[in-house]
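1. got a sequence here, can you build the structure:
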Amino acid sequence: MSSSLTGKLKAFVFGSPNGTNVYQNLETANVPVTTAECRSCADPCDQDHDDFPSRMDIDMDSDMLGSVKPYRRQVVISTGKTDWENEVTKAEGTLAALLKTADSSSSTPKKPKSTNDPLPSGLFSHAEAKKLAILNGSHRPFSHDESEDTVIVLPDFMVVSGVPRTLAGAEALWKAALDPALDRVGVTTRTDSLNTWVLPYSCLILLCSHKRRDKRCAIAAPILEKTFHQYLEREGWEVHTDLYDLTSEPSLESQASSTTEKEQLIETQLRSLHAEQRALILMNSHVGGHKFAGNCIIYTPRGAGVWYGRVTPHEVESIVKHTIIDGQVLPTILRGGVDLPCRGKKTLYDW
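-> Next up, the predicted model:
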């Protein structure tokens, strides 16, 4: 990103005569926000960062704030891959396709009317949306049975394992954890064989790598993964690029017999995670906005999801320091986000 473009973006975000004062709008909406530079190095770079090939054509002109479509939940399905069919929910026999069918055939309540003040463009509350966003992910399933998948449920910050790759399995997952009528606790008393855990990380970093959808994302993702890994480890964080097998640990079902017990157990575990300083980086299928590559989504245990676009290795250090560690949003690269307002709180990690 050239210095002139960086200047233009910063001028727009922090109050140009011709644009909305994005920073002020975010602050007014109780979003933890920072005025820090999104780029941590000089331009040209003086820190030997890897860079994207010059042939990558990134849209630097469109306003990307507001380019995220609201969703109630987003699921990331284990595949052990970094590239997939062009449209993952149309790939016959996959859990993504089966879950799309289950979601389409299940009755859902009408979208509730918002009772809160309007949020800035691109920001939304998951409770006021009903869409199920279905992604494939690079993590591998826990089960040795190749017909079962492991699913991360967001913004709930939950993991569901042992999901059969059948329509019945997709329907069981939907009823147990994805029905819009459910909160993150899900259904406590069930007859299925699914097991659930809290996602045991301080943050989840999703990087779009979907080559068959757009080559720009496939080029950006591995370079960004390497750079995130580098800067997180410099800060003393433990970094994983695959979800570690939780089956040796007690599931929530084995520890809680009532909804109240399960709710308390989940909140206790989620509240403790930021101090763990452990990050999970996964690659995922298309999320929209590939013209803004690199695309990066960061989820925190509280359930906040920050969508960044036009991310290059030059922005990663600032994202690590200000968003992943300090829990604050960088407006200049913000595409949107879920559950970002934190009234009376200072960071995206505060409860």
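
2. going forward, measure contacts and count neighbours with C-alpha atoms only.
-> Will do.

3. doesn't Gly337 fall inside a helix?
-> No: using DSSP: H, G, I helix; E, B strand; the rest coil, the assignment for Gly337 is strand, not a helix.

4. wait, it touches Gly122, no?
-> Yes: if you go by C-alpha atoms under 8 Å, Gly337 and Gly122 touch, sitting 6.4 Å apart.

5. what segments of the stretch 201-350 of the chain are helices?
-> 215-234, 252-255, 259-272, 313-318 (DSSP state H, counting those that start in this stretch).

6. so which of these gets nearest Thr35?
-> Between Thr35 and those, the tightest spacing by C-alpha to C-alpha is seen for helix 313-318, at 11.2 Å.

7. okay, the helices of the stretch 201-350 of the chain, which one's buried deepest?
-> Of all the helices of the stretch 201-350 of the chain, helix 313-318 has the most neighbours on average by mean count of other C-alpha atoms under 10 Å, namely a mean of 22.

8. contacting residues around that one?
-> Residues outside helix 313-318 that contact it (C-alpha atoms under 8 Å, 6 or more residues apart in numbering): 36-41, 45, 49-51, 223-224, 227-228, 231.

9. what's the average pLDDT for that helix?
-> For helix 313-318, mean pLDDT rounds to 96.

10. same question, stretch 200-220
-> Mean per-residue pLDDT for stretch 200-220: 96.

11. quick one on the thing from earlier: now for Gly337 and Gly122: what residues contact both?
-> Contact criterion C-alpha under 8 Å, 6+ apart; residues shared by Gly337 and Gly122: Val68.

12. neighbour count winner among those two?
-> A direct count of neighbours by other C-alpha atoms under 10 Å for Gly337 and Gly122 places Gly337 higher, at 28 against 18.

13. dump the residue contacts of that one.
-> Listed by C-alpha under 8 Å, 6+ apart, the contact partners of Gly337 are Val68, Gly122, Leu123, Phe124, Ala304, Gly305, Val306, Trp307.

14. who wins for neighbours among those?
-> Leu123 (28 neighbours).

15. quick check, that one in contact with Val306.
-> No: taking contacts as C-alpha under 8 Å, Leu123 lies outside contact range of Val306: 9.2 Å.

16. which residues do these two both contact?
-> Listed as contacting both Leu123 and Val306 by C-alpha under 8 Å, 6+ apart are Gly336, Gly337, Val338, Leu340.

17. tell me the spacing between the second one and Asp43.
-> Looking back up the chat, that one is Gly337. Distance from Gly337 to Asp43, counting by C-alpha to C-alpha, to the nearest Å: 28 Å.

18. what residue is smack in the middle of this structure?
-> Ile297 (4.1 Å; C-alpha atoms, centre = their mean).

19. returning to that earlier point: quick one, which of the helices of the stretch 201-350 of the chain is nearest to Ile205?
-> Judging the helices of the stretch 201-350 of the chain by C-alpha to C-alpha, what sits closest to Ile205 is helix 215-234, at 9.0 Å.

20. picking that back up, what would the contacts of Gly337 look like in JSON lines with pLDDT?
-> Formatted as JSON lines, these follow (pLDDT from 0 to 100):
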{"residue": "Val68", "pLDDT": "95"}
{"residue": "Gly122", "pLDDT": "91"}
{"residue": "Leu123", "pLDDT": "96"}
{"residue": "Phe124", "pLDDT": "96"}
{"residue": "Ala304", "pLDDT": "98"}
{"residue": "Gly305", "pLDDT": "98"}
{"residue": "Val306", "pLDDT": "98"}
{"residue": "Trp307", "pLDDT": "98"}
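
21. what is the nearest of those to Glu146?
-> Nearest to Glu146 out of these is Gly305 (C-alpha to C-alpha; 30.4 Å).

22. pretty sure the closest one contacts Asp339?
-> Yes: using C-alpha under 8 Å, Gly305 is in contact with Asp339, at 6.7 Å.

23. ok, back up a step: need the helices of the stretch 201-350 of the chain in CSV with distance to Asp145, can you?
-> Converted to CSV, the helices of the stretch 201-350 of the chain look like this (distance: least, C-alpha to C-alpha, whole Å):
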stretch, distance to Asp145
helix 215-234, 29
helix 252-255, 21
helix 259-272, 27
helix 313-318, 37
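
24. so for Asp149, which of these sits nearest?
-> From those, taking C-alpha to C-alpha, the stretch that ends up closest is helix 252-255, at 18.0 Å.

25. and that closest one, how far from the chain's centre?
-> 25 Å (C-alpha atoms, centre = their mean, to the nearest Å).

26. which secondary structure elements does that helix contact?
-> strand 195-198, helix 259-272 (3 or more C-alpha pairs under 8 Å, 6 or more residues apart in numbering; DSSP states H and E).

27. now distance to His314 too, for those, in JSON lines please.
-> Formatted as JSON lines, the helices and strands packed on helix 252-255 follow (distance: least, C-alpha to C-alpha, whole Å):
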{"stretch": "strand 195-198", "distance to His314": "32"}
{"stretch": "helix 259-272", "distance to His314": "31"}
